[in-house]
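Visitor: With the input below, show me the fold.
(one chain, ligands or ions: 1)
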Amino acid sequence: MSDARAITELAKRRGFFFGSNEAYGGVAGFYTFGPEGAALKRNVEAAWRDRFTVREGNDEIEAPTIMPEPVFEASGHLDGFDDMLVECGECGESHRADHLVEDASDVEEAESLPIPEVEELVAEYEIACPSCGAALAGRSIEEFNLMFATTIGPGSGQQGYLRPETAQGIFVEFPRLKEYARNKLPFGVTQIGRAYRNEISPRKGIVRTREFTQAELEQFVDPDDDDPPLDRVADVSLRLYPADQQEDPDGEYVEATVAEAVEEGIVASEWVAYYLGVAREWYDRIGVDGDRFRFRQHLPGERAHYAADCWDAESEVSGVASADPTAGDWIEIAGFAYRGDYDLSKHAAHGDDDFTVFEQYDEPRTVERAVADPDMSVLGPEFGGRAGDVADALRALAERDPSAFEGETVTVEVDGEAVTVDTDVANFRIEERTEAGEHVTPHVVEPSFGVDRTVYTLIAHGYGHDLIDGEERTYLSLSPEVAPTDVAVFPLVSDAALEEVADDIVADLRAAGLSVAHDDSGNIGRRYRRQDEVGTPLSVTVDHESVEETPTTVTVRDRDTTAQVRVPVDELAAELEGVLESGGSFETLLAGYDRVETDVTRS
Ligand code: GAP
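Guide: Numbering: from 1, shown residues only. Below you'll find the predicted structure:
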């Protein structure tokens, strides 16, 4: 069985995730996280919140998931948030054309290509419909908008959309959020929540779904003044796959520290480089395998409509750890985009609020400003009701392009129409002014994480097999910080005395704040296997020796090695907490307590 199929099977059997609504035939692209998966996902979110909100000193918000149409007109999603759709002429099934091309050829990132080129590739590789086998050559490829539309309110109501990214909920609230930040850049706002995309062909279980969770950070900065605290991550090593290396048939990874990546200009933005470093450390902390991880720069045609530069964090999920960038099955788990002032400028232009920050100078400055002060007694009779708009356009042009007023006439655009007036009427001049500060439209740096794909990566990277006493075992080597359960407690056999001790231990460990599973069904080997498969780092067994000897002791078993030690119950909670905390290890127990021998052979 391939790793992907084995993971899907394990996920369903052990309650990590499974297709939703199966009683009603199911709908592709929707998944339910079962008890183990929901706990794992919650722990990933908590670890993300700790690192990207709390430790960075950022603020977290929770915005609605449905937003009105004008938001997405402004953000560009209504026009530009499309994927390439090809419909089979035979069976009518819809497919993502760029994915079909990638599956059938060596072409990577086909979404960065223009549609006519993808149509040619469909023909060249004689790509057939995956559903019915009919040829797709000659079928036209359409742009398909991924947003789910809805109506807000009864009747014809107001057109709305389910948000395709959590980010917009932060951008539209910027006028209020800057007040909470006391109008001081830089500041960061985070949000963890659901996003919705009507994916043409959802695939790979929770990797591409129609409803998923994002954890996003919008870092607002003054591009001229604000630098990130780069020294904190300067020495973090990054495996980078820049665009030029992807375009070179012999392209390779570039291994560089964060400081080197900035100095050598591999990563253009210091803020993006800073967050690549923070993310690299965080992925390490939660258990992503560094040998199956890279940062890949977007190719020019691949970037989203808002991004000036973007790097994706990618994980390999088929089990291949290779120095060859073209080997393995890579999925995007996060994006790090330099969005510039795109979002706030767009909302400023479409919305009715102030999306700038007023930055006070240390001391007032005398500056020269180009101004137009149009003569309304001339504009009024000439332009009637449009005179005000013409005057506004002249004032804006004076600020933007003073040289436009050098001739005898000046032309501005009003409602899409060119309007020409005498320069004298515009009353153009250069004024000296004393100013206390200036309005700055912040630039945005955005680390955007897919929580579901992170969960999938942790399962894929933790997934392992070995032989225990000649029997094959599957286990998930999840880091204690994200494992759904910290400790499992078992009475060895069904026996009232053993069960009583086990019950007390469960109560003590829960009181100490650990998440504890209590399992007394089936033989002990099977119970260990069950916990190994859901990634529980430690198992505690109450056996006959526990109740027959003083002090009461139990065995503690390590999931990955299956090594066991015997520990007095009085010391249990403190010792387990020590192993589970960051930097803790089962080695401490092996060094401090008597070992109980077991037979383990790794395959
Ligand atoms: N605000 C930026 C943004 O939304 P994105 O690259 O489109 O950027 C960010 O999405 C992350 O969300 C991706 O890196 C991926 O992990 C996750 N993601 C995107 N589409 C997804 C889908 N259909 N199913 C699951 N996760 C998805």
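
Visitor: By proximity to the ligand, which residue of the stretch 451-600 of the chain wins?
Guide: Proximity to the ligand, evaluated over the stretch 451-600 of the chain using Cβ to the nearest ligand atom, is greatest for residue 453 at 4.2 Å. For glycine as for every other residue, the C-beta is placed from the backbone atoms N, C-alpha and C.

Visitor: what's around the residue in the chain positioned nearest to the ligand, how many residues?
Guide: When Cβ to the nearest ligand atom is the measure, the chain has its nearest residue to the ligand at residue 450, with 2.0 Å between them. For residue 450, the neighbour count with other Cβ atoms under 10 Å is 25.

Visitor: Residue 222 now?
Guide: If you count neighbours by other Cβ under 10 Å, residue 222 ends up with 16.

Visitor: Could you do the one 10 residues further on as well?
Guide: Neighbours of residue 232 under the rule other Cβ under 10 Å: 13.

Visitor: Return the distance of stretch 50-70 from the chain's centre.
Guide: Between the mean C-alpha location of stretch 50-70 and the chain-wide mean there is a distance of 13 Å, by Cα atoms, centre = their mean, to the nearest Å.

Visitor: Now do the contacts for the residue positioned nearest the centre of the chain.
Guide: In the chain, the C-alpha closest to the average C-alpha coordinate belongs to residue 449, at a distance of 1.1 Å (Cα atoms, centre = their mean). The neighbourhood of residue 449, defined by Cβ atoms under 8 Å, 6 or more residues apart in numbering, consists of 48, 214, 215, 216, 279, 313, 333, 334.

Visitor: how about it, phi and psi?
Guide: Note on residue 449: backbone dihedrals following degrees, to the nearest 10 are phi -110, psi 140.

Visitor: For stretch 57-65, measure first residue to last.
Guide: End-to-end distance of stretch 57-65 (Cα to Cα, to the nearest Å): 25 Å.

Visitor: Any buried residues in it, and which?
Guide: 58, 60, 61, 63 (16 or more other Cβ atoms under 10 Å).

Visitor: How about stretch 460-475?
Guide: Neighbour counts over stretch 460-475 (16+ other Cβ under 10 Å) mark 460, 461, 462, 463, 466, 468, 473, 475 as buried.

Visitor: Skipping adjacent residues, who's closest to residue 110 in space?
Guide: residue 98 (3.7 Å; Cβ to Cβ, 6 or more residues apart in numbering).

Visitor: was I right about that neighbour contacting residue 115?
Guide: No - using Cβ atoms under 8 Å as the test, residue 98 is too far from residue 115 to be in contact (9.5 Å).

Visitor: Look at those two and report which has more neighbours.
Guide: Summary of the neighbour comparison: residue 98 and residue 115, criterion other Cβ under 10 Å, with residue 98 having more neighbours (24 against 15).

Visitor: so what's the more buried one up against?
Guide: Applying Cβ under 8 Å, 6+ apart, one finds that residue 98 lies in contact with 83, 84, 110, 111, 113, 118.

Visitor: Can you tell me the SS state at it?
Guide: For residue 98, the assignment made with DSSP: H, G, I helix; E, B strand; the rest coil gives helix.
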